[in-house]
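*Asks:* Would you be able to build a 3D model of this:
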Amino acid sequence: MARHPHVPARAALAWLRPRPIEPALGALPPQDMRVLRCHGLDDELLTPLLGGHYPSDLLTSPPLRARALGPHVPRGNLVCGPSALWVHTGLRPPEVLSVASTERPGAWRGLDSHRMSLPSEDRVVLAGVECSTLERAAVDVARTAPPTRAVEAILAAYAAGATRRGMLLALGHCRGGAARGRPRAQRLILSVERAFPERAGPLHRRTAPLAAHRGSGAVVPSA
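*Replies:* A predicted model of the protein is given here:
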């Protein structure tokens, strides 16, 4: 017959005593997820992010979403691409964190690392976490993602307040290895604009002949 260890009554009562409530301020630990699992309700209350689950009400704004990614960003890196797009728009919580730096990508597990330098105009700090701007994140996804995701990125950027001019300027900063996919991204920016005419900035009037841009690699905004 199995024997159970003797537990003093005082210790048992102390265990049952109500404890201070600790609010969830980040990803829920596995033991909490095992207790809280509820089919259908989880999707309403929790957001899957980088392999964990976060209370959705902690991810309702760009600073809050950036803060959630902060502990996962290696020193000297910034959040970029689809991860930065999620920070700005809430579109598609990342399963893998996309980061960029000027150093050779390290062997960080669970990271999509890129070696590139972004100008100061394409950087923003949210809740202490450096990210690429909304416009730069959108054009990077539009350059490299599958067609459906590329269109989705531009639509989300316009809906979040980006302008045609802002995205074309960010696209013009994509040079060297980051120039891949620029023509497609430019076409998407100009065509998707029709769905959000109120979001587009004033028409950019060129002050120099088009020939001056030929061979320069610059993206020429359409008038």
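
*Asks:* Ends of stretch 129-148, what's the gap?
*Replies:* End-to-end distance for stretch 129-148, by Cα to Cα, to the nearest Å: 29 Å.

*Asks:* now swap in stretch 176-186 and tell me
*Replies:* 17 Å.

*Asks:* same question, stretch 47-56
*Replies:* 5 Å.

*Asks:* Check stretch 117-132 too.
*Replies:* End-to-end span of stretch 117-132 (Cα to Cα): 11 Å.

*Asks:* buried ones in that stretch?
*Replies:* 118, 122, 124, 126-127, 129-132 (16 or more other Cβ atoms under 10 Å). The way it works is simple: take the backbone N, C-alpha and C, and place the C-beta from them, glycine included.

*Asks:* Put together CSV for the residues you listed, with distance to Asp57, secondary structure and pLDDT on each row.
*Replies:* Formatted as CSV, the buried residues of stretch 117-132 follow (distance: Cβ to Cβ, whole Å; DSSP: H, G, I helix; E, B strand; the rest coil; pLDDT from 0 to 100):
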residue, distance to Asp57, secondary structure, pLDDT
Leu118, 31, coil, 95
Asp122, 30, helix, 97
Val124, 23, strand, 98
Leu126, 18, strand, 98
Ala127, 16, coil, 96
Val129, 19, strand, 97
Glu130, 25, strand, 98
Cys131, 21, strand, 98
Ser132, 26, strand, 98
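
*Asks:* where along the chain do the helices fall?
*Replies:* Applying DSSP state H to the chain gives helices spanning 9-16, 30-36, 42-45, 62-69, 81-89, 134-144, 147-159, 164-172, 182-192.

*Asks:* any chance of these in TSV, with mean pLDDT too?
*Replies:* Formatted as TSV, the helices of the chain follow (pLDDT from 0 to 100):
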stretch	mean pLDDT
helix 9-16	64
helix 30-36	62
helix 42-45	75
helix 62-69	96
helix 81-89	98
helix 134-144	97
helix 147-159	94
helix 164-172	96
helix 182-192	94
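
*Asks:* for the ones you listed, which one sits closest to Gly51?
*Replies:* Proximity to Gly51 (Cβ to Cβ) singles out helix 30-36 among the helices of the chain, at 10.8 Å.

*Asks:* would CSV of the helices of the chain with mean neighbour count and distance to Ser113 be doable?
*Replies:* Below are those laid out as CSV (neighbours: other Cβ atoms under 10 Å; distance: least, Cβ to Cβ, whole Å):
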stretch, mean neighbour count, distance to Ser113
helix 9-16, 8, 46
helix 30-36, 11, 27
helix 42-45, 12, 30
helix 62-69, 21, 14
helix 81-89, 27, 11
helix 134-144, 28, 14
helix 147-159, 19, 20
helix 164-172, 23, 21
helix 182-192, 18, 21
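
*Asks:* Distance to Ala100 added to those, as JSON lines?
*Replies:* Putting the helices of the chain into JSON lines (distance: least, Cβ to Cβ, whole Å) gives the following:
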{"stretch": "helix 9-16", "distance to Ala100": "49"}
{"stretch": "helix 30-36", "distance to Ala100": "31"}
{"stretch": "helix 42-45", "distance to Ala100": "31"}
{"stretch": "helix 62-69", "distance to Ala100": "13"}
{"stretch": "helix 81-89", "distance to Ala100": "8"}
{"stretch": "helix 134-144", "distance to Ala100": "9"}
{"stretch": "helix 147-159", "distance to Ala100": "17"}
{"stretch": "helix 164-172", "distance to Ala100": "14"}
{"stretch": "helix 182-192", "distance to Ala100": "17"}
